[in-house]
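A.B. asks: Provided below for reference: sequence and predicted model.
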Amino acid sequence: MSPCRRRWRTTARCRWSRPRSRRPPDEPRADPEEVEELLGDPGDPGNPYGFAAAVARDEADAPPDELCRTLVAAGFHLNYLPREWGGAFDTFDRGLTLVRAAARRDVNVMPGTMFSIIAATCLRLHGGEAQREQVARILTGGGSVGFALTEAAHGSDLLAGEVRLDADGRLHGEKWMVGNGLRCDALYVVARTGERGPGAFSAYLLDPGADGLVREPAPRTGGMRGVDTARVRFDGTPVPADALVGKVGEGLEVAVLAQQAVRLMSMAGSLGCADTALRLTLDFAAGHQVAGTPSSRRRTPAGSWPSPRRRCWLRTRWRWPPPGVHVVPEAFSVWAPAAKHVVAEACEELVRRCAAVLATRSVLREGRRARDCSRSFSATRRWCG
Ligand SMILES: Cc1cc2nc3c(=O)[nH]c(=O)nc-3n(C[C@H](O)[C@H](O)[C@H](O)COP(=O)(O)OP(=O)(O)OC[C@H]3O[C@@H](n4cnc5c(N)ncnc54)[C@H](O)[C@@H]3O)c2cc1C
């Protein structure tokens, strides 16, 4: 085992704030290169954290449990948790770079290690002290907290939400696509408590084992296979008074605010898929010839190589919005969806162009990493609207 891997394994908590060169020797931390080292050679067919293993999991609709356990043991998940909760969050751009490095292996590391960022952000914004402590304990220990906002019939039309708390304090209705819904240790639910407008919703932190709370697998996804996105049904679930998070009527406002953080982090998934698509395509093109000319030197099929503008987005420009959040937080609500959209568009075009270079190889089930990248990218893009 490499010294780096041993250090990660024996570390109770990791620190992510400074580059390796400026880190005091006694401060165990990780940067993207260390994530790569920890996970080993992605091209090694025997590596449980490599591409071949990811393809096998995809075929079996299996989540990357072992990969996530290794990352959690190394303290990877602490990266999105605030320091006062025992985490190691430093800046969005740093966190995003780390998640991107892990997502290159398998984008399902995101549900496995950091999907709870939405619920955690909500709790940070308006949770009581005991609720924050509970959630901090779950998350630093590697557990998860589900975020139940979306309903099948309404999607983005949040004001139409039907899950409702009745006058007797019981919850009725159904949420779907709840990330980690089957596995989570606590559930943050946004429910209707009033009649009209954005103030008609409140948030509750529930025990997923509560009476009348039924969790079922959601329809399977074509990309990000193996992701746990449950249906959660409330059949008159009793809601204790201390489950209310914040004040009555502020559930929707806080959920919408928290989603900006998730939108930024979701860029890591898009970028991770695009990185892998590009790596795969370059490897292929370096050894493949079309009519006697190496693929990598051909200008045809016309315009297939990702344009310099797209590659520039991949390499550098995506970095602008995340640090901006710390500098001008008031622009957060505009920058986050805009950045998510532009990065997703750039990555989508890049993945499409990579498929054009790979041609037949992009659709073969054998060595199917290219197809997985494109499907997983689509699912990542749909996450969080
Ligand atoms: C992998 C994954 C994980 C997820 N995890 C969670 C989770 O943990 N918790 C949770 O609550 N939800 C989760 N979701 C659900 C996700 O947040 C929803 O997909 C999202 O709310 C969009 O809903 P919808 O797909 O029903 O789209 P719809 O609301 O039906 O929208 C369809 C299209 O119309 C567009 N549109 C919608 N409204 C407007 C408008 N007013 N003007 C113009 N265009 C509009 C949308 O952008 C979209 O392109 C997850 C989804 C995925 C794929």
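C.D. replies: In hand now; what should we look at? Numbering: from 1, shown residues only.
A.B. asks: close to the ligand: what parts of the stretch 51-200 of the chain are there?
C.D. replies: For the stretch 51-200 of the chain, the residues in contact with the ligand (Cβ under 6 Å from any ligand atom) are 147, 148, 149, 150, 155, 156, 157, 177, 178, 179. All C-beta atoms are positioned from the backbone trio N, CA, C, and that covers glycine.
A.B. asks: what's around the first one, how many residues?
C.D. replies: The one in question is residue 147. 30 (other Cβ atoms under 10 Å).
A.B. asks: ok, now how distant is the one residue in the chain that gets nearest to the ligand from residue 218?
C.D. replies: Taking Cβ to the nearest ligand atom, the ligand has its nearest neighbour within the chain at residue 155, 2.2 Å off. Between residue 155 and residue 218 the distance is 13 Å, computed by Cβ to Cβ, to the nearest Å.
A.B. asks: report the rounded mean pLDDT for whichever strand or helix holds residue 357.
C.D. replies: Using DSSP states H and E, residue 357 falls within helix 332-358. The average pLDDT within helix 332-358 is 85.
A.B. asks: got CSV for the residues of the stretch 51-200 of the chain next to the ligand, with secondary structure and pLDDT too?
C.D. replies: Converted to CSV, these look like this (DSSP: H, G, I helix; E, B strand; the rest coil; pLDDT from 0 to 100):
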residue, secondary structure, pLDDT
147, strand, 97
148, strand, 97
149, coil, 97
150, coil, 95
155, coil, 87
156, coil, 90
157, coil, 95
177, strand, 93
178, strand, 95
179, strand, 93
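A.B. asks: ChimeraX command to pick out the buried ones of those residues?
C.D. replies: The ChimeraX selection below is limited to those of these classed as buried (16 or more other Cβ atoms under 10 Å):
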select :147,148,149,150,177,178,179
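A.B. asks: ok, the residues of the stretch 51-200 of the chain next to the ligand vs residue 165, which is closest?
C.D. replies: Minimum distance to residue 165 across these is 13.1 Å, recorded for residue 148 (Cβ to Cβ).
A.B. asks: for the residue nearest to that closest one when sequence neighbours are not counted, give me its contacts.
C.D. replies: Nearest non-adjacent residue to residue 148, counting by Cβ to Cβ, 6 or more residues apart in numbering: residue 175, 3.9 Å away. Residue 175 makes contacts with 148, 149, 150, 151, 163, 189, 231, 232, as judged by Cβ atoms under 8 Å, 6 or more residues apart in numbering.
A.B. asks: can you classify residue 175 by secondary structure?
C.D. replies: The local conformation at residue 175, judged by DSSP: H, G, I helix; E, B strand; the rest coil, is strand.
A.B. asks: look at residue 214 and tell me its secondary structure.
C.D. replies: strand.
A.B. asks: show me what contacts it?
C.D. replies: 232, 233, 234, 235.
A.B. asks: and the residues you listed, which are buried?
C.D. replies: When these are checked against 16+ other Cβ under 10 Å, the ones flagged as buried are 232, 233, 234.
A.B. asks: how near is the residue nearest to the spatial centre of the chain to residue 271?
C.D. replies: Centroid check for the chain by Cα atoms, centre = their mean gives residue 110 as the closest residue, at 3.7 Å. To residue 271, residue 110 is 12 Å away according to Cβ to Cβ.
A.B. asks: identify the contacts common to those two.
C.D. replies: Shared contacts of residue 110 and residue 271 (Cβ under 8 Å, 6+ apart): residue 103.
A.B. asks: ramachandran angles for the residue of the chain most remote from its centre?
C.D. replies: Distance from the centre of the chain peaks at residue 292, with 42.4 Å (Cα atoms, centre = their mean). Note on residue 292: backbone dihedrals following degrees, to the nearest 10 are phi 90, psi 0.
A.B. asks: same thing with the one 4 residues further on?
C.D. replies: When quoted as degrees, to the nearest 10, the phi and psi of residue 296 stand at phi -70, psi -20.
A.B. asks: and it, what is it in contact with?
C.D. replies: Residues near residue 296 by Cβ under 8 Å, 6+ apart: 282, 285, 286.
A.B. asks: give me the nearest residue to the last one, chain neighbours excluded.
C.D. replies: Right, the one you point to is residue 286. residue 296 is the one closest to residue 286 (Cβ to Cβ, 6+ apart), at 5.5 Å.
A.B. asks: assumed residue 205 was part of a strand.
C.D. replies: Yes. Under three-state DSSP, residue 205 sits within a strand.
A.B. asks: any idea what it is bridged to?
C.D. replies: As for beta bridges, residue 205 partners with residue 188 under DSSP bridges.
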